[in-house]
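Just to be clear, the model below is a prediction. Sequence and coordinates:
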Amino acid sequence: MIYIFSLIDKPDSGALRQRIRPEHKAYLAGMAERIAFAGPLVTDDGQTMLGSLLAIEFESREAAYAWLAEEPFTRAGLYASTSIHAFVNLWPQKAGFPA
């Protein structure tokens, strides 16, 4: 099952995000074959960080929560809020999820 992670940063946390980012990217790389998509959430200016949106395949919701608990941004206290939702892709597309 694919799980969607909506992860919203705490206000004024840009310096923390930049400092932890290499560790975060390395952690994601360990899941590369299971990631449908991953990237930043930004404001309409396309530059100001709001958080992250990830879609990753896990065996269960519990496994998704366990993975998030060890994620470097989570451990560093970057997020003001997190949510995880199961996702089923029903829209065919050229990239990302299989049809």
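Here it is on my side, so go on. Residues are numbered from 1 along each chain as shown.

C-alpha from now on. contacts and neighbour counts both.
Fine.

Find the residue ranges of the protein scoring beneath the pLDDT cut-off.
Applying pLDDT under 70 to the chain flags the ranges 92-99.

So in it, which helix runs the longest?
Ranked by number of residues, the top helix in the chain under DSSP state H is helix 14-29.

Pull the residues that contact it.
If you take Cα atoms under 8 Å, 6 or more residues apart in numbering as the criterion, helix 14-29 is touched by Met49, Glu71, Pro72, Phe73, Ala76, Leu78.

distance between that helix and the chain's centre?
Remark: helix 14-29 is offset 12 Å from the chain centroid, using Cα atoms, centre = their mean, to the nearest Å.

Could you pull out the buried residues of it?
Neighbour counts over helix 14-29 (16 or more other Cα atoms under 10 Å) mark Arg17, His24, Tyr27, Leu28 as buried.

sorry, back to before: out of the contacts of helix 14-29, what pair is the most spread apart?
Met49 and Glu71 (18.1 Å; Cα to Cα).

ok, the residue positioned nearest the centre of the chain - contacts?
When Cα atoms, centre = their mean is applied to the chain, the residue found nearest the centroid is Leu54 (3.3 Å). Going by Cα under 8 Å, 6+ apart, Leu54 touches Tyr3, Ile4, Phe5, Ser6, Ile35, Ala36, Phe37, Ala38, Gly39.

ok, now with 6 Å
For Leu54, the contact set (Cα atoms under 6 Å, 6 or more residues apart in numbering) comprises Ile4, Phe5, Phe37, Ala38.

From these, keep the buried residues only.
Here, 16+ other Cα under 10 Å leaves Ile4, Phe5 buried among the contacts of Leu54.

Good, wrapping up.
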